[in-house]
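> Turn this into a model:
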Amino acid sequence: MELEPRKYKTSELFLVFFAVWCIDFFTTIMALNLKIFEGKFYEVNPISNWFFSLGLFGWVLAFMFSFVMLFIFSWGIIRLINKLKSEDLKFSLWIGVIVLFILFEGNVIFNNINLMMGISI
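Purely as a prediction, here's the structure:
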């Protein structure tokens, strides 16, 4: 009996990416907007920095922009994964992309929290 090949879904990968990214967005909001940190932090991403300079409207636009970019990224990765023939390679790529994203975003989250703790002490 042969198992049917697993079809990975964009929504599954997107939800993982989005959940991790939301933590990053929340820590960025805290660092840039809490009174105790006023003027001590700035956004190093030039695209986000431009959005944030527009005030609350810019924060909403930055959120929507990132939401769309994460979806497009997830969609492209899933298209690539589902074209592969080897189930082992599919699973390895699936896990590898998730681990890589968590490592990159985790580093940003860790740095945001670490900087805020250093400032408030």
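
> Just the helices from the protein, written as ranges.
Ranges of helices within the chain are 10-33, 46-52, 56-83, 87-120, based on DSSP state H.

> Against residue 14, how distant is the spatially most central residue of the chain?
Closest to where the C-alpha atoms of the chain average out (CA atoms, centre = their mean) is residue 21, at 3.2 Å. Per CB to CB, to the nearest Å, residue 21 is found 10 Å from residue 14. Where C-beta positions appear, they are placed from N, C-alpha and C, glycine not excepted.

> residues contacting the residue nearest to the centre of the chain?
Residues counted as contacts of residue 21 (CB atoms under 8 Å, 6 or more residues apart in numbering) are 66, 70, 105.

> before we move on, back to that, indicate which one of the helices of the chain is closest to residue 40.
Distance to residue 40, taken as CB to CB, is lowest for helix 87-120 among these, at 5.6 Å.

> now that closest one: how far from the chain's centre is it?
8 Å (CA atoms, centre = their mean, to the nearest Å).

> so it versus helix 56-83, what angle?
Per axes from the mean of the first three to the mean of the last three CA atoms, to 10 degrees, the angle that helix 87-120 makes with helix 56-83 is 160 degrees.
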